Structures are given as C-alpha cells and as structure tokens.
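Chemist: Just to be clear, the model below is a prediction. Sequence and coordinates:
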Amino acid sequence: MSADRDSITGAKVQEGTSSSSESKPRIVALDVLRGFALLGIVGANIILYDITTMAEIEPAYRELPVSDLGAPFMIFTLVFVINKMMAVFSMLFGTGVLLATDKAEANSSRGWQTYFRRNLLLLAIGLAHTWFWIGDILTLYAICALVLYFFRKQSPKVLVGAALLLWYWAPVTWLLFGWGPHGDEYFSRAFSMMLFGMGLYRLGIINGQKPAAWYRKRAVESLLLGLPFVSLAWFSDSNASAWNNFGVPAIAFGYVCGVMWICQTDSLLSLRQRLAAAGQMALTNYLAQTLLGVAFYQLLERVGITPNAMLLGLGMLAIWAIQLAWSPLWLRSFKYGPLEWAWRSATYGKRFPMAKKNY
C-alpha cells in the first residue's frame, strides 16, 4: 500500500518525533469524519453569521427569503444539517476526550493536569471567539470537557445509555406532555452526543474498527430510521424542533457509519484526502469559517444585496472550496494548523516545531 493510499484510509498514520508529547498515531478516518462534519456545520452557521444575540437565531431561519433556486440549500440545511452535524462534531469531541486522557495518563501520573490545562485554553479561545461572534461552540465544548473527564472510565453501555437518555428527555417530554422548548437543551444535546462518542470509541465503532459491511448496513438502517422524523419536522409548525431532534441521533450515527464505510473502500480518495486535511486543522478552520462568513455578509451589505437562501448556499459552497483547497496545501509544509500548533505548544509549555523537514 502506498503512502498516499495510507494517508486517506482509516489506517493509523504515525507522525511527529520520538517525544511522547509530540508523537501519536493519527486515526485518519476520524480526520475525514471531522472534516465532513466541519464543512456541514457551515450550512447551519452561514445563516447566523450576522446575528448579534442568541434571540436572533429563530428569526434568522424563519425570515430568510427563500426562492425556488434557494430551496435546495434550505432542504439540505434543515433536513440533513441542523443539529445532525453538531451531533457528529460532539461525538468526535467525546472521542477526543478519551484520546487525550488515555495519552496523558499513559505519559504521566499527572496527566490530568495536561488535560485540564488543554481545555481551559480551549475555553479562553472560545471566549475570545464569542466576543467576535455570538454563535461560538468552543466555550460550551470546553466546559463539557471539564465534566466529561469524570466519565472516562465508564463502560460503553453506560456511556451510550446515558447519552440516549439525556438526549431524548427533551423531545419526548415536549411531544408527550408539551413541556418545551427546554432552555437547557443546548447543553444537554452537546453533552449527550459527547458521551455517545465516548461509547462509540470504546466499542471501536467511530474509530473504524468494524468491517466495511457492518458499517454499510448500519449506515443504511440508521439513515432510513432517522429520515422520516427529520423530514416530518418541517411539516410541523409547533413541534418541528422536537420531531427533528427525535431523528438526529440516528442520522448522526448513520453519517458516522457511512464515512467509516467509505474510508474502507477505494471511493472518493481525493475528496477524503482533502476532508482529512480540513479535519486535522478543525480548530483553525472552524474559526476561519467565522471570519469568512462575517466577511461574506459584509460584502453583501456593501454592494447592497439582501441575503437570501440561494446566496447563502453559494457562500457555503465558496467556504467549502476555500477550506478543501487550502488545508492540504498548508499541511504539505507544516505539521499542524496554525491554531492547533499554538494550542498544543501552550498546553505542553514548549514550542513544538511546526515546519515539516525536507529531505
């Protein structure tokens, strides 16, 4: 198998030096999945890059002008993106918690200090991002990470069971008893899917350890299970969010299995390579999406164009193209994305080499 082939499958690829704090095998299928979720999130966030308060989120979706040309973007966003990509991203964050704690504890009896320092730094990054854009997710993720540390030793069954109970309490009570919407659901959704991701990692599912046929079957089953609920959501005026969230875990799990399946085939090799690069630089790219999204709205304002669904769809595609192009170009010369490098160096209290050696 060639080096290029290894770099875009689910194989683990060794990088770094012999330093224990710098060297670890990357599970590239996770990078592909992270890149997939990262780009998908643009579909939800691009509608929100001009908001200044959380109260503007619902009106931003409800009042967005939608023409026939903009309908495909709205269908894509409402049915396939809203809360689903955040769920996948949260699963990956939970997986990252276990990767980070397993590594830290293997290297030092005080590995917990490295873990908490890492996530307090993420909290600082998130707070800075919040100052720039109200829709930041990093602050919430960092807070969740501080709590998730105490769940790292739980069994997969406990993690998955707790995740599903925590997720479904809101839509179930909303649909059955009219108790909704729930103000704290934003936290519980993220935290529950992080627990789910931890359980899937311990089960060897989210890290590509199952056979391709297993992933293919689960992807089809999960998507078929979830799609009726998320589709029904957009025919319901009063319970749309509840119906959507009822189907989210199945759709998100279907995405995970679908990506893991494709990573075990010879399909879409070039795209997977670009997604893996984007996913490896997820922190840099996530913050860059905000800069690009805000700049996009400022451009529309300067030329006097009112944003509509079609234009936002084109903006989303433009951001995808930029990040899929620049991420592999950057990683040809550098080991880390710029913010990943700064975060890593600050976490360990030393300056890591950033440029790749040329032999």
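Modeler: Nice, thanks for sending it over.

Chemist: Would you map the strands across this protein?
Modeler: In the chain, the segments counted as strands under DSSP state E are 12-15, 24-27.

Chemist: what's the average pLDDT for the last one?
Modeler: Taken as a whole, strand 24-27 has a mean pLDDT of 66.

Chemist: Poorly predicted segments of the stretch 101-250 of the chain, please.
Modeler: The stretch 101-250 of the chain contains residues with pLDDT under 70 at 108-109, 180-184, 236-237.

Chemist: 80 instead, please
Modeler: 104-111, 177-185, 233-238 (pLDDT under 80).

Chemist: What of the stretch 251-359 of the chain?
Modeler: Looking at the stretch 251-359 of the chain by pLDDT under 80, you get 357-359.

Chemist: quick one, what contacts the residue lying closest to residue 167 once chain neighbours are set aside?
Modeler: Spatial nearest neighbour of residue 167, chain neighbours left out: residue 192 (4.1 Å); criterion: Cβ to Cβ, 6 or more residues apart in numbering. To be clear about C-beta, it is placed using only N, CA and C from the backbone, and glycine gets the same treatment. Residues in contact with residue 192 (Cβ atoms under 8 Å, 6 or more residues apart in numbering) are 90, 162, 163, 164, 166, 167.

Chemist: Tell me the one among those nearest to residue 229.
Modeler: residue 167 (12.9 Å; Cβ to Cβ).

Chemist: and of the contacts of residue 192, the nearest to residue 144?
Modeler: Of all those, residue 144 sits closest to residue 90, with 8.2 Å by Cβ to Cβ.

Chemist: Surely that closest one is in contact with residue 190?
Modeler: Yes. Shown here, residue 90 and residue 190 form a contact pair, counting by Cβ atoms under 8 Å, at 5.0 Å.

Chemist: Which one's more surrounded, these two?
Modeler: Counted by other Cβ atoms under 10 Å, residue 90 and residue 190 do not tie: residue 90 has more neighbours, with 27 against 20.

Chemist: For the more buried one, which residues are in contact?
Modeler: Contact analysis of residue 90 by Cβ under 8 Å, 6+ apart lists 141, 189, 190, 191, 192, 193, 194, 196, 197.

Chemist: Which residues are in contact with the residue lying closest to it once chain neighbours are set aside?
Modeler: Once flanking residues are discounted, residue 90 sits nearest to residue 193: 3.6 Å by Cβ to Cβ, 6+ apart. Neighbouring residues of residue 193 by Cβ under 8 Å, 6+ apart: 86, 87, 88, 90, 91, 94, 163, 167, 249, 252.

Chemist: Kindly recompute the last result at 6 Å.
Modeler: Residue 193 makes contacts with 87, 90, 91, as judged by Cβ atoms under 6 Å, 6 or more residues apart in numbering.

Chemist: Mind putting these into CSV with distance to residue 42?
Modeler: CSV is the format used below for these (distance: Cβ to Cβ, whole Å):
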residue, distance to residue 42
87, 16
90, 17
91, 18
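
Chemist: got those residues as TSV, with pLDDT columns?
Modeler: Below are those laid out as TSV (pLDDT from 0 to 100):
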residue	pLDDT
87	97
90	97
91	98
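
Chemist: nearest to residue 34, of those?
Modeler: Closest to residue 34, out of all of these and judged by Cβ to Cβ, is residue 91, at 10.0 Å.

Chemist: How many neighbouring residues does the closest residue to the closest one other than its chain neighbours have?
Modeler: Spatial nearest neighbour of residue 91, excluding adjacent residues (Cβ to Cβ, 6+ apart): residue 197 at 3.1 Å. Residues near residue 197, counting by other Cβ under 10 Å, number 30.

Chemist: repeat for residue 58
Modeler: Neighbours of residue 58 (other Cβ under 10 Å): 11.

Chemist: how close does it sit to residue 240?
Modeler: 11 Å (Cβ to Cβ, to the nearest Å).

Chemist: got it, and residue 151?
Modeler: Taking Cβ to Cβ, one finds residue 151 at 31 Å from residue 240.
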